[in-house]
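[1] give me a model of this one.
(2 chains)
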There are 2 protein chains.
Amino acid sequence: MSRTQENTRILLARRPHGAPKPDDFRVVTESRPEPGEGEVLVETLYLSIDPYMRGRMNDVKSYVPPYEIGGLMGGGAVGRIVKSCSPDIHEDTIVEGMLGWQQFAVAKPRHLRIVDPRIAPISTALGILGMPGLTAYFGLLELCKPQPGETVVVSAASGAVGSVVGQLAKLKGCRTIGFVGSEEKAAYVKDELGYDATLNYRVIADLQKEMSELCPDGVDVYFDNVGGPITDAVLDNLSQHARVALCGQISQYNNTRPEMGPRNLWKLIVTRSRVEGFLVTDFGQRYAEGISALAGWLADGTLRYREDIVQGIESAPAAFIRMLEGENFGKLLVRVDTPE
Amino acid sequence: MSRTQENTRILLARRPHGAPKPDDFRVVTESRPEPGEGEVLVETLYLSIDPYMRGRMNDVKSYVPPYEIGGLMGGGAVGRIVKSCSPDIHEDTIVEGMLGWQQFAVAKPRHLRIVDPRIAPISTALGILGMPGLTAYFGLLELCKPQPGETVVVSAASGAVGSVVGQLAKLKGCRTIGFVGSEEKAAYVKDELGYDATLNYRVIADLQKEMSELCPDGVDVYFDNVGGPITDAVLDNLSQHARVALCGQISQYNNTRPEMGPRNLWKLIVTRSRVEGFLVTDFGQRYAEGISALAGWLADGTLRYREDIVQGIESAPAAFIRMLEGENFGKLLVRVDTPE
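    Okay, here's the model as predicted:
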């Protein structure tokens, strides 16, 4: 098998117990697949590495079935059509879709979104102009409906989703406060993303107290990507009629048993507040609207983004493990080079 | 001071530490107050004893200020106008208002609701045709919007609020499951209120498992008056797009420090569910609508209710303590007799 006929793929070797380890993944080289009638062959250019993937590695009932042991690690990717057996899409088109952690994928055109490289770098189709950007857009604007002058708090403020949430909240005239995990990230979200204040959860001893000092009138909107003690501190400081959008709980994903925390649902009663979980796919019919709005703000310089790109498909597992520890800085991507 | 000039009142002697004790209250006899111009004197007939009062005994910031030490225990009551210095309301009128734990109260007519004794027993103005009924009506119908065929779970199913929630859910064509604290209550909510199934939380060892067996397709609506492990078990079994109305968390009110429980917000994400706290006063502009609907269903026999009435204003503290232990059975009231 010549190298040009190869297809490197990353499989789930076993279900992680707690934090994923390199041995939980297996890198295999198989022969490149052939598209059938009506299908296309896509060469991966960028893989998206996202927190939700940790949940799918567990064998639990959820909104989608878990990854299978021995099966491909699933996920979004951007690639180039290298062979088309479909009249609907021609070779060299750039597309985005759920292609998984592999160099080449066979797909049906209806499962792919065409990416226009003239609008923005194609990697943004996995970030600010893709799933994370849409998650921020619909989660903040539809679930939380932020009003001018309100205080909006975001956990994982420099992340792929949080970075967009903070900028959209600012655009809506809100005061924005972001939780971050390093001083470097704190400087970035303040200087580049326009956050009004930051809280470094790794160094602050009393998050609840710090929150109450920063938000004497309470938190009107909380966009949560993290959960755990950060979220406890915010729930302790809700204003009346606050809205909380639950996007992720990354602090909990590696737990092997439920972490315990203070029961605080009664705080939602005395503040008449709402907590709502959501998935971006709930807004699937409105993606074009979201992408169009985000692309407009990106083009006129209103929105900024940052990418954390690692090289080579074999790096995907280590990058994923690193992200779950909060060590990425910006939207995490794997640049996949195919030897020619 | 002749007995007819006396006014027995119950004051907060000190803030309870944990479960309230009799010594946390003080019974005093003062002279009967005199209404001023535009005011009325109300003789209390029934006092309402409600769980929310426990929160107001603590010195914490909430939606209303706490009761003051040495001040009157606040609360709703039904009484008769015995002296009117207002052209707006005549003597012998039956009224409901926040009159507090005392035999006689001076009030302004605009703070009173006139109760028509021909519609239902006047005590219902503190129960099914009052705050608890309205709480059930707006909390279930507005926050949860139950649909025919959905599964609705209610904690404290035989209580003043829960008993109405279950019946309204049944009226909407739902399957209803109620948590109760005794077999006697279980029989009542099934036989009298039409609940489809009950769970006695005092005897079931594994609430989560029992819930999952009772609700293989998940819980669509949860109306929570209790919190704690009962609520954990329900949140473990939510269906997709479930709605949770938080009305009370009585299991937590006597805690002296936050009780710990499993962090389960991530379950709201995978089920895209909503949890919302509310106060009946949020629907203050719509009380007439709610009372009218509830009175109609009461008149035609659709709705039933049960009262737990204790005798004498001095019994109020003991009744309140008993209620916080779940020992009342039906809407808890104190019948206040005034010696003539």
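[2] what is the helix ranked longest in chain A packed up against?
    Counting residues, the longest helix found in chain A (DSSP state H) is helix A:287-299. In terms of contacts (3 or more Cβ pairs under 8 Å, 6 or more residues apart in numbering or on different chains; DSSP states H and E), helix A:287-299 is packed against helix A:131-138, helix A:162-171. From N, CA and C alone the C-beta is placed, and that goes for glycine too.
[3] for the stretch 1-150 of chain A, what spans make up the strands?
    Using DSSP state E, counting those that start in this stretch, the strands of the stretch 1-150 of chain A run over residues A:6-12, A:25-31, A:40-48, A:77-84, A:94-97, A:104-107, A:113-114.
[4] what's the distance between residue A:177 and residue A:288?
    Per Cβ to Cβ, to the nearest Å, residue A:177 is found 31 Å from residue A:288.
[5] who has more neighbours out of these two?
    For residue A:177 versus residue A:288, the count of surrounding residues by other Cβ atoms under 10 Å in any protein chain shown is larger for residue A:177: 24 against 9.
[6] now the more buried one: phi and psi?
    For residue A:177, the backbone dihedrals (degrees, to the nearest 10) come out as phi -130, psi 130.
[7] how far away is it from residue A:189?
    10 Å.
[8] ok, now residue A:49?
    Taken as Cβ to Cβ, the span from residue A:49 to residue A:189 is 20 Å.
[9] and the nearest residue to residue A:204 once chain neighbours are set aside, what helix or strand is that in?
    Spatial nearest neighbour of residue A:204, excluding adjacent residues (Cβ to Cβ, 6 or more residues apart in numbering or on different chains): residue A:210 at 5.1 Å. Following DSSP states H and E, one finds residue A:210 within helix A:207-214.
[10] and the helix or strand just after that helix, what does it pack onto?
    Tracing the chain C-terminally past helix A:207-214 and defining elements by DSSP H and E, one meets strand A:219-224 next. The elements that strand A:219-224 packs onto, with contact taken as 3+ Cβ pairs under 8 Å, 6+ apart, are strand A:151-154, helix A:162-171, helix A:229-235, strand A:238-246.
[11] who does strand A:219-224 pair up with?
    strand A:151-154 (parallel), strand A:238-246 (parallel) (DSSP bridges).
[12] off-centre distance for that strand?
    Relative to its chain's centre, strand A:219-224 lies at 18 Å (Cα atoms, centre = their mean, to the nearest Å).
[13] what does it contact?
    A:136, A:139-140, A:144, A:146-147, A:150-155, A:161-162, A:165, A:169, A:174, A:177, A:211, A:230-231, A:234-235, A:237-239, A:241-249, B:265 (Cβ atoms under 8 Å, 6 or more residues apart in numbering or on different chains).
[14] before we move on, the earlier item: dump the strands paired with strand A:219-224 to a markdown table, plus mean pLDDT and mean neighbour count.
    Shown next, in a markdown table, are the strands paired with strand A:219-224 (pLDDT from 0 to 100; neighbours: other Cβ atoms under 10 Å in any protein chain shown):
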| stretch | mean pLDDT | mean neighbour count |
| --- | --- | --- |
| strand A:151-154 | 98 | 30 |
| strand A:238-246 | 98 | 22 |
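[15] out of the ones you listed, which gets nearest to residue A:292?
    strand A:238-246 (21.6 Å; Cβ to Cβ).
[16] can you list the residues that contact that closest one?
    A:139-140, A:143-145, A:151, A:217-224, A:227, A:234-235, A:267-268, A:271-278, B:63, B:265-266, B:268-269.
[17] tell me which helix or strand comes right after that strand.
    Following strand A:238-246 in sequence, per DSSP H and E, is strand A:260-262.
[18] need the residues of chain A near chain B, please.
    A:55, A:62-63, A:224, A:227-228, A:231, A:240, A:246-249, A:252, A:258-279, A:282 (Cβ under 8 Å from any Cβ of the partner chain).
[19] I only care about these that end up buried; give me the ChimeraX line for that.
    Of these, the buried ones go into a single ChimeraX selection, burial set by 16 or more other Cβ atoms under 10 Å in any protein chain shown:
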select /A:55,62,224,227,228,231,246,247,248,249,252,259,261,262,263,264,265,266,267,268,269,270,271,272,273,274,275,276,277,278,279,282
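[20] follow-up on the earlier one: so which residues make contact with the helix holding residue A:210?
    Outside helix A:207-214, the residues touching it (Cβ under 8 Å, 6+ apart) are A:153, A:177, A:197, A:199, A:201, A:204, A:219, A:229-230, A:232-234, A:236-237.
[21] tell me what angle it forms with strand A:219-224.
    Counting by axes from the mean of the first three to the mean of the last three Cα atoms, to 10 degrees, helix A:207-214 points 140 degrees away from the direction of strand A:219-224.
[22] what are the buried residues along helix A:207-214?
    In helix A:207-214, counting by 16+ other Cβ under 10 Å, buried: A:207, A:210, A:211, A:214.
[23] just for the stretch 151-300 of chain A, where's the confidence low?
    Within the stretch 151-300 of chain A, no range satisfies pLDDT under 70.
[24] could you do the stretch 1-150 of chain A as well?
    Short version for the stretch 1-150 of chain A, where the test is pLDDT under 70: A:1-3.
[25] tell me which residue in it sits closest to chain B.
    Per Cβ to the nearest Cβ, residue A:62 is where the stretch 1-150 of chain A lies closest to chain B, at 4.7 Å.
[26] OK, contacts around the closest residue in space to that residue that isn't next to it in sequence?
    Using Cβ to Cβ, 6+ apart and skipping the chain neighbours, the partner closest in space to residue A:62 is residue B:270 (4.7 Å). Applying Cβ under 8 Å, 6+ apart to residue B:270 gives the contacts A:55, A:62, A:63, A:277.
[27] residues contacting the third one?
    Taking Cβ under 8 Å, 6+ apart as the contact definition, residue A:63 lies against A:279, B:240, B:270, B:271, B:272.
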